[in-house]
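Peer 1: no letters, just coordinates:
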């Protein structure tokens, strides 16, 4: 951890300078550490309050970081010789990954020296290591991965969880997802009273699997004390809608929906490019429309919604896309910063305890929003 | 059923004229019978081989059809006083819907006077009535609804099933979906050797729910005799891809994916319109790019992929979107025509019998593609 250094080229108010520490796993992404360091520099340039503990190959990281003025004096480099690759099996990483940058990045959260960790590495391994080292919050049965989904809401995104931590979810798990998702919406997206929906194949109460009917009742009963509004069942078409902020589902369904949405947006983007490349006239139009097209791209750019977050552990871990570029890494770091600064982890723990009580039928009174 | 009439304004070769009969439920769609009749007229104009048995309010239908020259002499109007509304519960319709146009439309398929039925009405009721009146094909446990998905394949679409007939599917059901989907791809999309994938949260063989692992083995073993190539697991991002033609999943997951894809495409479309409406310059560009934008719209237009099909019954029933306009209705009718003309129903029955045998471990030799 590094406070403001005397060599820093643009000194800022000392009380803010580097006061929120983010732990970064610089290795294991598809594009290597240079892109991760570029993302860190982008974040550091925009945000004087951030500093980093960065894990990976020390020689390479020192060289990359030395080139970035924005990072001067704001990085604590920690050598980790091991790299978790995309092909490594989570079970192997758990047994043999003790020297890896991923392991060390999580360790910085566990020890409390960093407020949150960011990694572009292997999702399964990151989840397994996070589970192993950070452990589940008391009362959590299944942790979840929450993603951001572009939406028509003022905050620009909706939250969906679980998108792949576990392929199963029982009714009490779904209740916890509702609580954790609402807490994330409050602290990550600044939505004071999130509206929560449960994903189903229809909005009528009699539809869907038995665990969904049970969860529907549990979540409805917990909404008041959980500080959120419960909308009941929502459908796939509601994921980007402005009528809901948090969508709760099991990790199998959520993962399919996430990848389907990404695939569809990508397809439409390709069709759009093909349409504009078709004639001289349309190429000219595309040139004229450049600003509009860039605006569009920005709204549906998956890099800007980069950052799946693991919820339900004793510590905040953000999974950035493996293929994230500097903008993507920076978006994930920004999310980590926002959550670390808000004290999200403690608020989340309080909510989880509350949902465990609600599942057990002993739900308490409303607390201050957290 | 009506053959070429002497009052027909544009007589064509008598051997083709109106030789494929489609049964149409003209009531129950969100936009009323006028739009359905307009869609029929659009189909009749393009296709001399088609004629209709049309069910609904006789007075209204006579009036609407009399206005359409393309339909002259090609419609057999059958009075049905009852209308199934979008709010009716399937269980009520099954008990009390005997006088409805939906019931009568299915009856025309059951009696053999029509090769396929099309309805824009209530999906649940249409499925329940189809099940009741047409019965399941021998060996079918769970019928499925198959939808078309815009894709980068030469045929322009991929097939996904089940998208909502049943929220559950066991391994033998998934095998049947593979067989039925491949048969549909051959007869509806003219893909000679369809490539089939099983939807999962990852492509590794160890991933996913137990029934998926079992289905993975069943489908792999049945591919050769079923006349398709099996790709193993595919992910949500593969739905619009050119590496697969048929995606097999349970009705819960399929329904969520379908609605998520539709919702995402709609959102991107809205963002696109907003981007182009933003400045004088971009409005001008949009004007120039009109042809390109229309081409794009055509590729992602949900009206052109209109037509969920019920598979696994003794008869072909097509569900058109409730809010379909004339183009949408015409697309559903075209699909019904293509399948009726190809003898799809008999070929499908043969495939189902084969998959039942394969599930029982007695899969036979390859047959001629059907």
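Peer 2: Everything's here; your move. Treat the numbers as computed from the prediction; the structure is a model and nothing was measured.
Peer 1: what does the pLDDT read for residue A:193?
Peer 2: In this prediction, residue A:193 carries a pLDDT score of 96.
Peer 1: tell me if it really is in a strand.
Peer 2: No - Residue A:193 is assigned coil when assessed by DSSP: H, G, I helix; E, B strand; the rest coil, not a strand.
Peer 1: surely it and residue A:227 touch.
Peer 2: Yes - here residue A:193 reaches residue A:227: they are 6.6 Å apart, a contact under C-beta atoms under 8 Å. Just so you know, the C-beta spots here come from the backbone N, C-alpha and C atoms, and that holds for glycine as well.
Peer 1: higher neighbour count, the two?
Peer 2: Between residue A:193 and residue A:227, counting by other C-beta atoms under 10 Å in any protein chain shown, residue A:227 is the more crowded of the two (21 against 13).
Peer 1: any idea of the pLDDT on whichever residue of the stretch 101-250 of chain A sits closest to chain B?
Peer 2: Per C-beta to the nearest C-beta, residue A:236 is where the stretch 101-250 of chain A lies closest to chain B, at 2.9 Å. At residue A:236, the model reports a pLDDT of 91.
Peer 1: which SSE is immediately downstream of whatever helix or strand residue A:318 lives in?
Peer 2: In this structure, residue A:318 sits in strand A:317-319 according to DSSP states H and E. Next in sequence after strand A:317-319, counting helices and strands by DSSP H and E, comes helix A:326-342.
Peer 1: ok, then the element right after that following helix?
Peer 2: Assigned by DSSP H and E, the successor of helix A:326-342 is helix A:344-359.
Peer 1: same question for that following helix, mean pLDDT?
Peer 2: For helix A:344-359, the mean confidence score works out to 83.
Peer 1: go ahead and name everything in contact with it.
Peer 2: A:115-116, A:137-140, A:171-172, A:175-176, A:178-180, A:182-184, A:186-188, A:218, A:221-222, A:225-226, A:311-312, A:314-316, A:339, A:363-364, A:367, A:370 (C-beta atoms under 8 Å, 6 or more residues apart in numbering or on different chains).
Peer 1: if we use 6 Å, what do you get?
Peer 2: A:137, A:139-140, A:172, A:175-176, A:179, A:183, A:187, A:222, A:316, A:363, A:370 (C-beta atoms under 6 Å, 6 or more residues apart in numbering or on different chains).
Peer 1: cool, and stretch A:37-53?
Peer 2: A:2, A:12, A:16-24, A:64-65, A:68, A:70-71, A:74-76, A:108, A:114, A:326, A:329-330, A:333, A:337.
Peer 1: narrow those to just the buried residues.
Peer 2: A:2, A:17-18, A:20-24, A:64-65, A:68, A:70-71, A:74-76, A:108, A:114, A:326, A:329-330, A:333, A:337 (16 or more other C-beta atoms under 10 Å in any protein chain shown).
Peer 1: show me where chain A has helices.
Peer 2: A:33-46, A:58-66, A:90-96, A:101-110, A:123-134, A:171-188, A:210-226, A:251-276, A:280-288, A:290-300, A:326-342, A:344-359 (DSSP state H).
Peer 1: need the least confident one among those, by mean pLDDT.
Peer 2: Minimum mean pLDDT among the helices of chain A: helix A:290-300, a mean of 61.
Peer 1: circling back: quick check: the gap between the residue of the stretch 101-250 of chain A closest to chain B and residue B:127.
Peer 2: 19 Å (C-beta to C-beta, to the nearest Å).
Peer 1: same check, this time on residue A:313
Peer 2: In terms of C-beta to C-beta, residue A:313 sits 43 Å off from residue B:127.
Peer 1: before we move on, the earlier item: so residue A:236 and residue B:127 - more neighbours on which side?
Peer 2: Set residue A:236 next to residue B:127 and count neighbours by other C-beta under 10 Å: residue A:236 wins out with 26 against 21.
Peer 1: show me the beta-bridge partners of the residue nearest to residue A:26 when sequence neighbours are not counted.
Peer 2: Once flanking residues are discounted, residue A:26 sits nearest to residue A:56: 3.8 Å by C-beta to C-beta, 6 or more residues apart in numbering or on different chains. Residue A:56 has these beta-bridge partners by DSSP bridges: residue A:79.
Peer 1: number of residues surrounding residue A:266?
Peer 2: 16.
Peer 1: list the residues that contact the residue nearest to it when sequence neighbours are not counted.
Peer 2: Of all residues not flanking residue A:266 in the chain, residue B:237 sits nearest, at 7.6 Å (C-beta to C-beta, 6+ apart). Going by C-beta under 6 Å, 6+ apart, residue B:237 touches A:259, A:262-263.
Peer 1: kindly provide the distance from residue A:233 to residue A:217.
Peer 2: In terms of C-beta to C-beta, residue A:233 sits 12 Å off from residue A:217.
Peer 1: settle it for me: which of the two has more neighbours?
Peer 2: residue A:233 (20 against 12).
Peer 1: which non-adjacent residue is nearest that one?
Peer 2: residue A:200 is the one closest to residue A:233 (C-beta to C-beta, 6+ apart), at 4.0 Å.
Peer 1: need phi/psi at the one you found.
Peer 2: Per-residue torsions, residue A:200: phi -150, psi -180 (degrees, to the nearest 10).
Peer 1: and the stretch 51-200 of chain A, which residues reach chain B?
Peer 2: residue A:167 (C-beta under 6 Å from any C-beta of the partner chain).
Peer 1: again, only using 7 Å
Peer 2: A:150, A:164, A:167, A:199 (C-beta under 7 Å from any C-beta of the partner chain).
Peer 1: excluding chain neighbours, what is closest to the second one?
Peer 2: Sequence neighbours aside, residue A:255 is the residue nearest to residue A:164 in space, at 4.0 Å (criterion: C-beta to C-beta, 6+ apart).
Peer 1: so who does the residue lying closest to residue A:109 once chain neighbours are set aside touch?
Peer 2: Excluding the flanking residues, the one nearest residue A:109 by C-beta to C-beta, 6+ apart is residue A:315, at 4.0 Å. Neighbouring residues of residue A:315 by C-beta atoms under 7 Å, 6 or more residues apart in numbering or on different chains: A:109-110, A:134, A:345.
Peer 1: who wins for most neighbours among those?
Peer 2: In these, the most neighbours by other C-beta under 10 Å go to residue A:109, 27 neighbours.
Peer 1: can you tell me how far that one sits from residue A:345?
Peer 2: From residue A:109 to residue A:345 the distance is 9 Å (C-beta to C-beta).
Peer 1: and residue A:130, by the same measure?
Peer 2: Taking C-beta to C-beta, one finds residue A:130 at 13 Å from residue A:345.
Peer 1: for residue A:37, same thing?
Peer 2: 26 Å.
Peer 1: hang on, the earlier thing: of all the contacts of residue A:315, which two lie farthest apart?
Peer 2: Greatest spacing in the contacts of residue A:315, by C-beta to C-beta: A:110 and A:345 (11.7 Å).
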